[in-house]
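Trainee: Turn this into a structure:
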Amino acid sequence: MTAESPARRTLSTLTTLATRPSRRQVVGGVLLLVAVLACLLAGLPPLLPILLTLLAAVAVGPVAGLGYVLVVLNAPLGLWFVGVEGVVGDAFGGRDYALGLSAAVVVGVLFALTAFRRRWSRRQLAGAGAALLVVAVWSLIGFAHHGVAQTLVGVRLTVLPVLLLVVLCSLTLRQVVPLMTVLAWVLVANAVASVGELIVGPARLVRWGFEENTAVRYIGDTFRVPGLTSFNAELGILAGAYLLGYVALWLTRGARPTRWSWHAGGLASLLCLALSTSRSGALLVAGGLVAAVVLNRSGGAAAQRRARILGLAVIGCLAVGFAAVGATGARSLFERFDVWARLLGADLPIWGLGLGGVGAATTSRVTSGPQVFVDNYFVSVALQFGPVLGVALVAAFGYALWRLCRRSAERPASVLFIALLAGLACSFLVIEAWEYPGAMMCLGVFLAYGRCLDAAGVADVPAPEPPAGVWVPAAPSDGAPMVWVAAPRPTGQPPAAAAPDGPREVEPGSTADAAPVDWPTA
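Mentor: Just a heads-up that it's a prediction; the model follows:
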């Protein structure tokens, strides 16, 4: 009688679970059926309880929940095109923004679970308390200045990346790696969609329902593809975030990417960045790579030279791609200088306008005032929180980069952190990058991956191992006696016999030190 194979046992277990559901599954199915019938009788969409159940099941798992958030935040146009956004919106009473809002709800649930399960230090609790105080005070200022609804939108845009960062940094390496793979496939899907949109052309896209001046935009005579995101700037900042993190891994000793899907994501992000013609995304990549090369204190001269060559090669590819699509003008960039000077030169209170006073909150459906575009997040912070906190933010970026530069000499993973932080700072100069949660989540995934590598010491180069299958002498240090240790047997070698008297010590300087090793065999 032969033993049952693992595959057959797994298939048998799955069959048993499918044919014999547990009592909890039966009760849950009955309750769901009752909820659907109740919605039909009450005149509500019958899909509502089903979608709420699926959302609750996704929200309790960090990998599944964050994977859902990744797709929703970085492929909204694609989800609209295939009808998912419409189905979810109809289930929630015709609210087309329900799908995007569900991602924020999932992040909030994951953050609450993380905060409940994790033990926090006093310093972390003090920082969280200070952050809550700042949000509360400037929310009250926003309530007085432009109303509750617009302020709450500003709070969501400001706080959501922070919640994502806390959840991502609480994951283990085994949980972060699948998210990196999902992120890579999201970039590949965006690249395929971008090429398809370029082939189809803007005129046909408009006939298909793509909104002009949003999904379909031009820079001069150049069509700016949106991919699966809402518009080209969102695609560009997402592609720039992934490309920066991917190239920064190559610059980090011991952290080079090995999965082919990650390489495909890197090539896709380069294509998306060129087709989107996003100068803010290109500046994110260029600024981050330059900082990673200049401030990197790990490795030798050869490693730094290779880093410079790789960084210049990526920047050169970006320049060629932008020239190929005709996006070489800088008139819009210089126009922003006048906008910033006018906004900062206005009658601005020392405490600012409050959360939601400028930026994306002024373009939402609940806005109560005029739309205020800033295209500089440092200026946006100064307008919302006051000039003092705006200057403090710039100083915090500089101090963090200085600390990471000093730390990179001993912790190579700091190079990745330098690239991400410097790239984010550069993107802040030309766009409100913090208000793009999809791109901020992309940077957060790379940050969480680098944090796991840094904590595990994976970024350090391991010492060479001794030959396997024999008793080998461990190198003595500073006059200590030499100790013979065992190593595993390599393939094709006979098993090593045990040492006659166990591990033995040899005094340094004796003839045994210089004598050839007599490898014992069976």
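
Trainee: what's the neighbour count on residue 290?
Mentor: 18 (other CB atoms under 10 Å). Backbone N, C-alpha and C define where each C-beta goes, glycine included.

Trainee: Give me the distance between it and residue 281.
Mentor: 15 Å (CB to CB, to the nearest Å).

Trainee: which regions of the stretch 51-200 of the chain lie under the pLDDT threshold?
Mentor: Residue ranges of the stretch 51-200 of the chain with pLDDT under 70: none are present.

Trainee: Which strand or helix spans residue 239?
Mentor: Assigning secondary structure by DSSP states H and E places residue 239 in helix 232-251.

Trainee: between whatever helix or strand comes next after that helix and helix 232-251, how many degrees?
Mentor: Counting by DSSP H and E, the element after helix 232-251 in chain order, helix or strand, is helix 260-276. Angle between the axes of helix 260-276 and helix 232-251 is 140 degrees (criterion: axes from the mean of the first three to the mean of the last three CA atoms, to 10 degrees).

Trainee: Please state the mean pLDDT value computed over helix 260-276.
Mentor: Helix 260-276 carries an average pLDDT of 92.

Trainee: That helix packs against which elements?
Mentor: helix 173-200, helix 232-251, helix 279-294, helix 301-325 (3 or more CB pairs under 8 Å, 6 or more residues apart in numbering; DSSP states H and E).

Trainee: between the ones you listed, which gets nearest to residue 157?
Mentor: helix 232-251 (13.4 Å; CB to CB).

Trainee: how big is the angle separating that closest one from helix 173-200?
Mentor: Using the same axes, to 10 degrees, helix 232-251 lies at 130 degrees relative to helix 173-200.

Trainee: Redo the helices and strands packed on helix 260-276 as CSV? Include distance to residue 161.
Mentor: Shown next, in CSV, are the helices and strands packed on helix 260-276 (distance: least, CB to CB, whole Å):
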stretch, distance to residue 161
helix 173-200, 15
helix 232-251, 12
helix 279-294, 15
helix 301-325, 25
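
Trainee: which of the ones you listed is buried the deepest?
Mentor: When these are scored by mean count of other CB atoms under 10 Å, the highest mean neighbour count falls to helix 232-251 (a mean of 28).

Trainee: list the helices and strands that helix packs on?
Mentor: Short answer (3+ CB pairs under 8 Å, 6+ apart): helix 232-251 packs on helix 173-200, helix 260-276, helix 279-294, helix 301-325, helix 414-428, helix 437-456.

Trainee: Sketch out the low-pLDDT regions of the stretch 351-500 of the chain for me.
Mentor: Using pLDDT under 70, the stretch 351-500 of the chain drops low at 368, 457-500.

Trainee: hmm, try it at 80
Mentor: Scanning the stretch 351-500 of the chain for pLDDT under 80 picks out 364-371, 373, 409, 456-500.

Trainee: where exactly do the strands run in it?
Mentor: With strands called from DSSP state E, counting those that start in this stretch, the stretch 351-500 of the chain shows them at 471-474, 482-486.

Trainee: buried set for the helix or strand hosting residue 136?
Mentor: According to DSSP H and E, residue 136 maps onto helix 122-146. Of all the residues in helix 122-146, those buried under the rule 16 or more other CB atoms under 10 Å are 135, 138-139, 141-143, 145-146.

Trainee: try stretch 64-72
Mentor: 65-72.

Trainee: what comes up buried for the host helix or strand of residue 167?
Mentor: Using DSSP H and E, residue 167 maps to helix 148-169. Residues 149-168 are the ones in helix 148-169 that count as buried (16+ other CB under 10 Å).

Trainee: how much does that helix deviate in direction from helix 437-456?
Mentor: Going by the same axes, to 10 degrees, helix 148-169 makes 30 degrees with helix 437-456.

Trainee: Can you give the distance from helix 148-169 to the centre of its chain?
Mentor: 15 Å (CA atoms, centre = their mean, to the nearest Å).

Trainee: about what we covered before: among the helices and strands packed on helix 232-251, which is nearest residue 340?
Mentor: Nearest of these (CB to CB): helix 414-428, 12.3 Å.
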